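In: Next come a sequence and a model predicted from it.
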Amino acid sequence: MERCKYWDKCYRQNPEHFQRYLHPGDDLSSLASSKSSHTSSTAGAGRSGSSPAVTPKRPSAPSSVTPKRPSAPSSDSSKRPSAPSSDTPKTSSSKAVTVSSVTSTSNKSGSGGKSGKQLKRDISSSPEEGNSGGSTTTTTSSKRRRVSGEEPPPTIRHDRYYFTRVTGHPAKFSDGISLGFQDLLWLDGVPVTRSWQFSYAVDVDWLIQEMDLRGHKRGPTFIIVGEKEGQAIQDHIMLKRSRYSNIIVVPVPLPMAYGTHHTKMMVLESEVGIRIVIHTANLVQTDWHTNTQGLWVSPLCTKDTSGSSSEFKSYLLKYMASYKCNAVDQLSRILHSYDMSHITQVKLVGSVPGEHQTSDYGHTRLASLLSHHIDSSVVRPGWRLIANCSSIGSLGPSAESWLCSFIKSLSATKDGQTAKRPMFQLVFPTVEMIRNSLEGYLGGGRCVPYTSTVNDRQKWLRSHMCNWVSGEYGRSRVVPHIKTYTRLSPDRKKVAWFLLTSANLSKAAWGARTASGALRVRSYELGVLFVGDGKGLEVGGDGGIIVPYTTPPKPYEATDAPWLVNLKYSKLDTRGNKWPVDMSNPFEWMDVESAGLI
């Protein structure tokens, strides 16, 4: 059987195509028997008896256009080391065949590599996560079935958020709690025809590939990013003008120094309505496949025939009006024509550059919502505040410089702030967590940009820091790019509220008071706040809120240190690399289970 030239990128839906060509995840043994039967019946016609085994090769990651951070690796497959050769793929009775391998050639920076066997020996399973048992991973063939419509898209709840799906993760850490990018591009059985993508960093090649696979039909795709990032994307598109004729880049002016367009949101439109997705992942392949991310998906919204209004819709249109650009204004007019009165599960918390006298944005927006919705009788002494983020801004020489005012906002209830300042914990990855992660040091280099320059000015923050551990969800070794803020009960069974947002712990994202009393915000951010009935939200279980890390968070030990991207680390990581790594080297995908990372 001939290998399909599109391999795992195949977009065909004709069953005859899959009978004629080999694709990732195909059962080679059944194909071989079928081939043998076919050749014996045609032997008189001079057909050969059998064909050589085809060794699947791991597809390369596409190139990415990212601002100020190392770009994703090149997609030039001629420069990639091929997957280890074998006559038949490795299988077991309890695991699905996945087209993945542990490479021994991923290190080209001179730091010394390890073979797949050495790597598996050196990385022991996390005691919290244990063994995957009979769980199976999501195969490429099942992905193809979803794309072709043979497998229905997952049922999505709107009163909770989801993780993004980690490539190679066992099903027990994915099913029911995670969604892939392509799961979003399907509205009531109808493919998306037009989309607006708000982001910080964008890999256009990967984005279009994902949309093509899901049947996006190459409708208009608007990419809303900061001015500098927009120019880089425009330059990339000009090189492939015919391929990207449907891409419209919308550069957003950033009026405040050190500000960024950091919002991650999708508006997806089809013939049956629109859907809004608010999330934490850049539009880059590694963000969606190898990092811990969060996303919330709205219910389907249809045309408004009654002139209804809603808090969600009003705030979203107000937030978009701050962009002051034609493409976003056009989107606002489109959204205005849709009914969003049924979106009551979340409240929006946005940040917009400028100096604000009202409590519409930043941490004052969060305080305002908490003071309207959270019953003070619920938040008793001992309910701690916990934040987790992937970067930290300059917060000042002491907690009183800014953090205390931030904590005050997060302590708001209907009867004012909590009488006593609550414990505040910050979950942030250590050097060892990054070193032992799925991506190794590359994961920290790509999405955890905290530096020693900032850290050295705020050593006091260390007393609040806790390590990233996520044993229950199998993500202890999946680098966190998710940002959440919550207030957890002493028994860890409830949270008073929960916020999923793009905002890191920084004054630029949340705002800081000026001498005149205005709140100065530098960046665009957006998140969703879950408050329920104001009397607390259940944690975990089938219907509860996912707290992405293990609770209570474990404070840093004396030997722990926060990951600092600008320092050098000589201890070899899971991929046999030291840091810094040559970021131009190809990124090798790994089977996280067979590598011992689960």
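Out: Yep, it's here. The structure displayed is predicted, hence computed values, not measured ones.
In: Show me what counts as buried in stretch 314-334.
Out: Tyr315, Leu316, Tyr319, Met320, Ser322, Tyr323, Ala327, Val328, Leu331, Ser332 (16 or more other C-beta atoms under 10 Å). C-beta here means a position set from N, CA and C on the backbone, and glycine is covered the same way.
In: Quick check: the two most widely separated of those?
Out: Farthest pair in the buried residues of stretch 314-334 (C-beta to C-beta) is Tyr315 and Ala327. Separation: 20.0 Å.
In: where does the stretch 201-350 of the chain have low pLDDT?
Out: Applying pLDDT under 70 to the stretch 201-350 of the chain flags the ranges 214-218, 242.
In: which residue ranges form the helices in it?
Out: 204-213, 227-239, 285-289, 311-321, 326-336 (DSSP state H, counting those that start in this stretch).
In: low-confidence ranges in the stretch 51-200 of the chain?
Out: In the stretch 51-200 of the chain, residues with pLDDT under 70: 51-153.
In: so which of the buried residues of stretch 314-334 comes closest to Pro490?
Out: Lowest distance from Pro490 to the buried residues of stretch 314-334 (C-beta to C-beta) belongs to Tyr315, with 32.7 Å.
In: Just list whatever residues bridge to the spatially closest residue to the closest one that is not a sequence neighbour.
Out: Among residues not flanking Tyr315 along the chain, Leu348 sits closest, at 4.6 Å (C-beta to C-beta, 6 or more residues apart in numbering). Beta-bridge partners for Leu348, by DSSP bridges, are Val528.
In: mind listing what Leu348 touches?
Out: Contacts of Leu348 were listed using C-beta atoms under 8 Å, 6 or more residues apart in numbering, and they are Ile278, Phe312, Tyr315, Leu316, Tyr319, Leu526, Gly527, Val528, Leu529.
In: how close does it get to Met320?
Out: As defined by C-beta to C-beta, to the nearest Å, Leu348 lies at a distance of 11 Å from Met320.
In: how far is the helix or strand encompassing Ile386 from where the chain is centred?
Out: Counting by DSSP states H and E, the element that carries Ile386 is strand 384-388. In terms of C-alpha atoms, centre = their mean, to the nearest Å, the centre of strand 384-388 is found 20 Å from the chain centre.
In: how about that strand as CSV, C-alpha atoms only?
Out: Output of strand 384-388 as CSV, limited to C-alpha atoms (Å, rounded to 0.1, in the frame of the first residue of the first chain):
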residue,chain,number,x,y,z
ARG,A,384,-6.7,31.4,50.7
LEU,A,385,-6.1,33.3,47.5
ILE,A,386,-4.1,31.3,44.9
ALA,A,387,-2.8,32.6,41.6
ASN,A,388,-0.9,30.8,38.9
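In: partners of that strand, with directions?
Out: Strand 384-388 has its sheet partners listed here by DSSP bridges as strand 424-427 (parallel), strand 484-488 (antiparallel).
In: Which is the succeeding secondary structure element to the last one?
Out: Proceeding C-terminally, strand 484-488 gives way to strand 494-501 as the next helix or strand, assigned by DSSP H and E.
In: shouldn't Arg384 be in contact with Arg421?
Out: No: the pair Arg384 / Arg421 is not scored as a contact, 10.9 Å apart, by C-beta atoms under 8 Å.
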